[in-house]
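Chemist: Here's my sequence, what's the structure:
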Amino acid sequence: MKKLLSSLSMMIMVLTAYAQSCPDDHHPHMIYLGLPSGTKWACCNVGADKPEAYGGYFAWGETEEKTTYNWSTYVHCDKSDNTCHDLGSDIAGTQYDVAHVKWGGSWVMPSEDQQQELIDNCTSIWTKVNGVNGKKYTSKINGNSIFIPAGGIRLETELMYDAISGTLWASTQGPSTSNFSSVMYFDPGSTGVSSDIRCDGLPVRPVVSRANVDAQICPDDHHPHMIDLGVPSGTKWACCNVGADKPETYGGIYAWGETEEKEAYNEVTYQYCTGEDPNSYGWYQQNAQYQDLGYDIAGTQYDVAHVKWGESWVMPSVDEMKELYDHCTYTLASMNGVNGLAFTSKSNGAILFLPAADLHYPGIVGNYWSSTQDMTNTKWAYGLYFNLEDSFWDYFAHPLGFSVRPIISETNSISLPKSSSDISNQAVYNIYGIKVGDNSASMNALPSGVYIVSGKKHVIK
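Modeler: This is a model prediction of the structure:
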């Protein structure tokens, strides 16, 4: 299905939120609340199987429940409140973090700052879910919400204040000699952050934080550089976008096949579209006709990467984009305060950062063109889309303004055919140099992808 025909549909996709806190009953879920830090909150507590369940109770820095909570049973002290061990200023992601130990992956305990951010950016209301008292925090930004049950606190052997108030551990330790650590609390009339003695048993609500790209991506400041991610094709990715002077800079915005920026991106302004006067929406040309620029524009006069940077730099094909996903881990991240998507090579640890450089929603949405056109419809080309919740690739209308991240691949020097009539009866190879067919005449029977015949690139959809 074609997506994002206009900036209006982009806006709908960006602003659409889940009507409820969870999309299904397979908990836990990451709930995106649109928080400035990008933090996503779990839908339920550690040890809980649904949002309204209390879950487990843990002393700060411990990862197992127990029957008695006091200084004599607290493992991170020497049996008294003035002998607490220094576990570090923040235990998120360490062996002392019960969220990370129990759930794994990117789940961690929230810091005091993240708890305060939740409070500052949400409205809260005392309510019930399936008969359980608690507080519902609803984002002021996107309307998504989480429910935190009033699970009380375990003191000595007793559960106290349940159904009346809730207190949850943060990952933030007090001063190194302190017997207190940070907490988030709530009751029917208030919510805030405070502290509690470390031996008490409290619930924990995990989070997933947006990663910060702190690694040195480039050897120096003389951009662009080729980033070797160790992908099988040998493709090297540029460290920054066309028009950018560093990895986190947005760079230029281009319609597919155009090589200059402009003020408006629509069929009326698209260089390779002709038609009658625009309709009442001002985006579409009546009876619009699109020029066929070829199956793959890499290395041609329509390739903005090649035109602007020259040499062997070209736009990536859709298969090269897919290869990036297949051979890297990827996560929402920030670099020097700029939001984006970070790819980390599974083979050598190299990092590629794509800033969220959307024309209408910079910092929230990213769109990147490939060089590959839809072989069945000359109005569409493949591209990568991501926002702060999701990422995918699909076909998009040529006139839309997207970013371009160049590559250098081992097939960059080949000439590109304009139509299937250029193909002769030769052996067929995939982009990794593996022979996949003896006769190019039957190439259409191959799976979708990019293939090489007599040194030329062909795309089968």
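
Chemist: which stretch of helix or strand covers the residue lying closest to Ser145 once chain neighbours are set aside?
Modeler: Once flanking residues are discounted, Ser145 sits nearest to Thr138: 4.2 Å by C-beta to C-beta, 6 or more residues apart in numbering. For every residue, glycine as well, the C-beta is placed using N, CA and C. Taking DSSP states H and E as the criterion, Thr138 maps to strand 132-139.

Chemist: hang on, the residue nearest to Ser145 packs against Cys122?
Modeler: Yes: applying C-beta atoms under 8 Å, one finds Thr138 in contact with Cys122, separated by 5.7 Å.

Chemist: so what's in contact with the two at the same time?
Modeler: Ser145 (C-beta atoms under 8 Å, 6 or more residues apart in numbering).

Chemist: Look at these two and report which has more neighbours.
Modeler: The residue with more neighbours, out of Thr138 and Cys122, is Cys122; 23 against 18, by other C-beta atoms under 10 Å.

Chemist: Identify the bridge partners of the more buried one.
Modeler: Cys122 has these beta-bridge partners by DSSP bridges: Ser139.

Chemist: domain parsing for the chain?
Modeler: Here the domain parsing of the chain from automatic domain parsing is 7-209, 226-410, 414-461.

Chemist: Output the ones you listed as CSV; include the columns mean pLDDT and distance to Pro219.
Modeler: Putting the domains of the chain into CSV (pLDDT from 0 to 100; distance: least, C-beta to C-beta, whole Å) gives the following:
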stretch, mean pLDDT, distance to Pro219
domain 7-209, 90, 28
domain 226-410, 90, 10
domain 414-461, 60, 27
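
Chemist: what's the closest of the ones you listed to Ile217?
Modeler: domain 226-410 (5.3 Å; C-beta to C-beta).

Chemist: Which helix or which strand is home to Val193?
Modeler: Applying DSSP H and E, one finds Val193 within strand 190-197.

Chemist: in that strand, what's buried?
Modeler: Going by neighbour count (16 or more other C-beta atoms under 10 Å), the buried part of strand 190-197 is Thr191, Val193, Ser195, Asp196, Ile197.

Chemist: What is the nearest of the residues you listed to Val307?
Modeler: Nearest to Val307 out of the buried residues of strand 190-197 is Val193 (C-beta to C-beta; 53.4 Å).

Chemist: picking up where we left off before, for the strand holding Val193, which strands pair with it and how are they oriented?
Modeler: In the sheet, strand 190-197 lines up with strand 180-187 (antiparallel) (DSSP bridges).

Chemist: List the buried residues in the strand it pairs with.
Modeler: Phe180, Ser181, Ser182, Val183, Met184, Tyr185, Phe186.

Chemist: ditto for stretch 88-96
Modeler: Counting neighbours by 16+ other C-beta under 10 Å, stretch 88-96 gives Asp90, Ile91, Ala92, Gly93, Tyr96 as buried.

Chemist: Show residues contacting that stretch.
Modeler: 61-63, 76, 87, 97, 100-101, 108-111, 171-173, 176, 209.

Chemist: redo that, cut-off 7 Å
Modeler: Gly61, Leu87, Asp97, His100, Val101, Val108, Met109, Ser111, Ser171, Thr172, Gln173 (C-beta atoms under 7 Å, 6 or more residues apart in numbering).

Chemist: Stretch 161-172 too?
Modeler: So stretch 161-172 is contacted by 60, 90-92, 97, 108-112, 115, 133-135, 148-153, 181-187, 196, 202-205 (C-beta under 7 Å, 6+ apart).

Chemist: and what of stretch 31-42?
Modeler: Here stretch 31-42 makes contact (C-beta under 7 Å, 6+ apart) with 21, 28, 30, 43, 107, 114, 117-118, 121-122, 139, 141-142, 144, 146, 205-210, 332, 334, 339, 388-389.

Chemist: Can you tell me which of those residues end up in strands?
Modeler: Met30, Cys122, Ser139, Ile146, Val207, Val208, Leu332, Ser334, Asn339 (DSSP state E).

Chemist: Good, wrapping up.
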